[in-house]
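In: test case, fold it:
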Amino acid sequence: MSRTAYTFDPYADTEAPTPARPAPHIPVVPFGTSLGLFLAVTFVLCVLFDLWFPALAMNSAWAPLLPGFAWISWSSFFLGLGETFAYGWFVAVIFAPLFNLLAARQSRGAR
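Out: Numbering: from 1, shown residues only. This next block holds a predicted model:
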């Protein structure tokens, strides 16, 4: 029969275990809506800028980015508005799940 000597250490159990921190998470719907609205508001501000300062207009740069957009009619304006909102959702639908997957993987690996 073997005997193990135990020594009393009054400071051994004073630290509480650190609770596991959940991985950061980006919800897709709020992120998509906020990013889409951000890009739509930016589009409106750019159109207003182009109308106020036609010599500095950026509409030639928009043609490759916004299919069907032509300078400027109401139908073209609303088409550009819808396309910029859709681009925000496109980014959110791809970015948020990738971020959530990689953050969860890193969180599991760090434990």
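In: where do the helices of this protein begin and end?
Out: Along the chain, the stretches classed as helices by DSSP state H are 28-52, 59-62, 74-110.
In: reformat those as TSV; add mean neighbour count, mean pLDDT and distance to residue 68.
Out: Yep, even glycine has a C-beta here, placed from its N, CA and C like the rest. Listed next are those as TSV, based on neighbours: other C-beta atoms under 10 Å; pLDDT from 0 to 100; distance: least, C-beta to C-beta, whole Å:
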stretch	mean neighbour count	mean pLDDT	distance to residue 68
helix 28-52	15	95	14
helix 59-62	14	82	11
helix 74-110	15	92	5
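In: ok, which of those comes nearest residue 22?
Out: helix 74-110 (7.2 Å; C-beta to C-beta).
In: chain center to the closest one: distance?
Out: Offset of helix 74-110 from its chain centre (C-alpha atoms, centre = their mean, to the nearest Å): 6 Å.
In: from here on, call the first residue 15.
Out: Let's use 15 as the start, then, which means that last one is helix 88-124.
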